[in-house]
Each structure stands twice: as structure tokens, then as C-alpha cells.
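J.: Output the structure for:
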Amino acid sequence: MTLTGDLDGAARRRRPRRVVLLVALTATLSLLCCAGGTAAFFLDGLSNDDQALSTYGCGAGGPLPANGDMPSLSGYSAAQLRNASTIINVGAELKVPPKGWVIAVATAMQESSLTNHGYLGARNDHDSLGLFQQRPSQGWGSPKQVQDPAYASRKFYEKLVKVRGWERMSLTDAAQRVQRSAFPDAYAKHEPDAAQIVNLLADGAARAAGANAALACAAMGEVAASGWTAPVKAGLVSGFRTASRPDHQGVDLGAARGDDILAAAAGTVIVSRCDNDPFPPFRCDRDGSPSTPGCGWYVDIKHADEVITRYCHMLYRPKVQVGQTVAAGQPIGIVGTSGHSSGPHLHFEVHLNGDRGSSGATNPMAWMREKGAPLGTGT
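T.: Predicted coordinates:
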């Protein structure tokens, strides 16, 4: 499989013949990355989308009333969205931060598909009832109470906020601490849809970080309720698939040598290596150059819903290993300039549908803004 390449035509023409041959031989292995240092990045220009940094709501407008008209969302009925709205409104009343709303909605999606189930006969899991499939025999309340969406939501939040450090946990860990499910990993897959529902019903609150009293989009070092955070605090210096670099499958962020690189969301490391190890003298234990092929030291992380993020040009061997589970905001490496690069920066990519190649790449600027963790906001 050919992975992402982002050299422009002029850079390809400048490369020595030996490098061209090496890259041709390793097309299915190497990641061709970022030519030029910071000064050169600015000459590449930014795409229109990169420059038009839209303002998104981050929950300040508050949630829609649960007894009002529901907006439409493909795949969900008005009754399901009304139940989700009840969950969100109860969380707001209890002053639970929006991350809790996303956790609660995702939990109800897994337990009941946002449907307020009564007794299901042989299909019932013991005496489980309601949106969260709470069991009266386990102290959640009477059968009538747990089938009241507002009561069930309140009981969920009461247990959630008693979990020490829940705000910093992954969604699936926090939900499992409340629910004690036989399928503890099942909640994670609902996080993207739960965040979308919270955004729809609560003025973009899944993009927010912090307490209800002062909702704002996540700043560097904060994880948005959606579960995403910016990987570095640095300005944007080269955009996604610009006119001058149409094969640039990510964005370059002008972080300084030695800065921490953070995991943009919780997930599992699927790649952690030097892109050029098999082909000396292009190694990653030295600074790269415009004639050095590949991404240098780099990491790929797989997240919920088959989303993959990529982090290139690390200074040293990454801090994480293949198969390791990482949390959003966890340091995974150090900014450097290994591989095809002439200056320290982070090359950051987002891929959809589990496709690590160019056809799966999407604009990281738009993606991260939608998640409430915009890129290029630091200097």
C-alpha cells in the first residue's frame, strides 16, 4: 500500500538521482514528507479553508429544551433525540461539564440505542430497564423510576461524578466505572456520534472544555468534550493540499525543537518507527534534509470510528509502542526535524475509514475545528 506523499513537483525535481531511486523502491513503505524549513513553509501558502478559521459554538447557547421540537439527524428518530436531549439537559442542570454529557449519551447509545426500554422478556439482561439499562435489583431505583429518562440520567451522573478523575479518563473507562458492563470496550465506538448529537442539541457543547459557567472551545492542553485536543501549540505554516503542494496530505505546525507532541485523541498506536530504517544512510538519529526521504520518526494512532492520526519528524524514537493504548493529550514524542524536513515542526495528518493512504486523508484544520480543538492557534 502506498502511503501519504507530500512533496511538490519542484522538490521532487531537486532530489538527487540516488534519492529518487530509493523512493521509487520504497513507495509502499516510505512516507514522503515536508520539504523546506519554516521560512519555506510560508512560501507554500495556505488553502482557503485553512485561512478561513470559522467560529463555532462551544455550548454557550445552552441545550435545546427536551420538550421542544427536535432537529433532524440521519439515523435517529425524534424520540431518540428527545431522550438524548433529556440526558444533556439533566447534565446541564447538575452542572456536569459537557464531557459528561458525551459520556452519558454514548452510554445510552450502547445500552439502549437511546430508546427507553421497558421489560424485554427473554431479551432482557436480568432486570435491566430504561435508557441506561439500570437494574432495580442493584439499587438504581424502582422499575418505574429507572424508566423515567430524567431520573435515569440523574442517577448516571451522580455515579459518574463520584469516579475519581473521570474528567481525564477515556470515555469507555469512565462509562465502564459507572455501568460495570460485561462489554467494557463497547462504549468507545459511540463517542463520535455522541459528540455529534451533543453538538446538535447543545450549541456545539462537545467542542467545549471547562466548567458549565464558562464554556469555551478547548485551549492547548485542554481536551474538548469530544475527546480531542491539539497535538502542539504552534502556528500553521503549511496547509493541506495547497495549490503549490497538492500532494501535501497533512498540515505543518511550526512547533519548536524539543516541544512535546500530544496524542490528539484516545486510541491505539498502530505504527511507531523510523520511516527510513531499512535504507541507510537515511536514518532518523540525525536531522533530516530536503533530500532525505520519508517522515522520519513517526507515529500513527487509530481512534474510534476508524479515524487515524499521524505525527511526523520526531526528534527521537517515539515515547509509545505499537499496541499501546494512549489517552488524549498524552505525550507521544518530541518535535524534531528527522526525515524529509529542513526545520523543526510537526507534520500532522488525519485519515478516515481506516485508510492510511492519500485517499483517506482529510483536512486536519477542518477536522480539528469541528472537534473543538483548532490547530494553528499558538505561536
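J.: State the mean pLDDT of stretch 283-290.
T.: In this model, stretch 283-290 has a mean pLDDT of 86.
J.: end-to-end on it?
T.: Start-to-end span of stretch 283-290 (CA to CA, to the nearest Å) is 14 Å.
J.: and that stretch, which residues are buried?
T.: By neighbour count with 16 or more other CB atoms under 10 Å, stretch 283-290 contains the buried residues 284, 287-288, 290. Where C-beta positions appear, they are placed from N, C-alpha and C, glycine not excepted.
J.: Now go through those and say which are in helices.
T.: When DSSP state H defines the helices, the subset of those inside them is empty.
J.: In TSV: the residues you listed, plus distance to D252.
T.: Output for the buried residues of stretch 283-290, formatted as TSV (distance: CB to CB, whole Å):
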residue	distance to D252
C284	18
D287	16
G288	13
P290	14
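J.: Go through those residues and say which is closest to H313.
T.: Closest approach between the buried residues of stretch 283-290 and H313, by CB to CB: G288, at 7.1 Å.
J.: May I have the residues that are in contact with the closest one?
T.: 282, 296, 313, 337-342 (CB atoms under 8 Å, 6 or more residues apart in numbering).
J.: Pick out the lowest-pLDDT one from the residues you listed.
T.: Scoring those by pLDDT puts F282 last, at 63.
J.: what about the stretch 201-350 of the chain, any weak spots by pLDDT?
T.: Residues of the stretch 201-350 of the chain meeting the criterion pLDDT under 70: 210-214, 277-282.
J.: With respect to P246, which of the contacts of G288 is nearest?
T.: So of these, ranked by how close each gets to P246 (CB to CB), first place is H340, at 16.5 Å.
J.: pretty sure V299 belongs to a strand, no?
T.: Yes: assessed with DSSP: H, G, I helix; E, B strand; the rest coil, V299 lies in a strand.
J.: where's the residue nearest to L129 when sequence neighbours are not counted relative to A79, distance?
T.: Leaving aside its sequence neighbours, L129 sits nearest to V146 (CB to CB, 6 or more residues apart in numbering; 4.9 Å). V146 sits 18 Å away from A79, going by CB to CB, to the nearest Å.
J.: Which of the two has more residues huddled nearby?
T.: V146 (23 against 12; other CB atoms under 10 Å).
J.: Where do the helices of the protein begin and end?
T.: Under the criterion DSSP H, the chain carries helices at the ranges 9-14, 17-25, 38-44, 48-51, 78-93, 98-112, 143-146, 149-160, 171-179, 191-201, 364-370.
J.: With respect to burial, which of these scores highest?
T.: Counting by mean count of other CB atoms under 10 Å, helix 98-112 has the highest mean neighbour count of the helices of the chain, with a mean of 27.
J.: relative to helix 191-201, how tilted is that one?
T.: 120 degrees (axes from the mean of the first three to the mean of the last three CA atoms, to 10 degrees).
J.: and helix 98-112, what other elements does it pack with?
T.: Of the remaining helices and strands, those touching helix 98-112 by 3 or more CB pairs under 8 Å, 6 or more residues apart in numbering; DSSP states H and E are helix 78-93, helix 149-160, helix 171-179, helix 191-201.
J.: contacts for the shortest one?
T.: Contact with helix 171-179 is made by 102-103, 106-107, 110-111, 132, 156, 159-160, 163, 166, 169, 181, 184-188, 191, 194, 227, 266, as judged by CB under 8 Å, 6+ apart.
J.: Ok, the first one next?
T.: Contacts of helix 78-93 from elsewhere in the structure, counted by CB under 8 Å, 6+ apart, are 62-66, 70-71, 73, 76, 98, 100-101, 104-105, 108, 113-116, 131, 149-150, 153-154, 156-157, 197-198, 200-202, 205, 212.
J.: Is it possible to get the helices and strands packed on helix 98-112 out as CSV so that each row also shows distance to Q330?
T.: Below are the helices and strands packed on helix 98-112 laid out as CSV (distance: least, CB to CB, whole Å):
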stretch, distance to Q330
helix 78-93, 26
helix 149-160, 22
helix 171-179, 13
helix 191-201, 17
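J.: S142 is nearest to which of the ones you listed?
T.: Nearest of these (CB to CB): helix 149-160, 9.4 Å.
J.: what pLDDT, on average, does that closest one get?
T.: 97.
J.: okay, the angle between it and helix 78-93?
T.: Helix 149-160 and helix 78-93 meet at an angle of 50 degrees, taking the same axes, to 10 degrees as the criterion.
J.: which helices and strands does helix 149-160 pack with?
T.: Judged by 3+ CB pairs under 8 Å, 6+ apart, the packing partners of helix 149-160 are helix 78-93, helix 98-112, helix 143-146, helix 171-179.
J.: I'd like those helices as JSON lines, with distance to V251 and mean pLDDT appended.
T.: Listed next are the helices and strands packed on helix 149-160 as JSON lines, based on distance: least, CB to CB, whole Å; pLDDT from 0 to 100:
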{"stretch": "helix 78-93", "distance to V251": "32", "mean pLDDT": "97"}
{"stretch": "helix 98-112", "distance to V251": "26", "mean pLDDT": "96"}
{"stretch": "helix 143-146", "distance to V251": "47", "mean pLDDT": "94"}
{"stretch": "helix 171-179", "distance to V251": "26", "mean pLDDT": "92"}
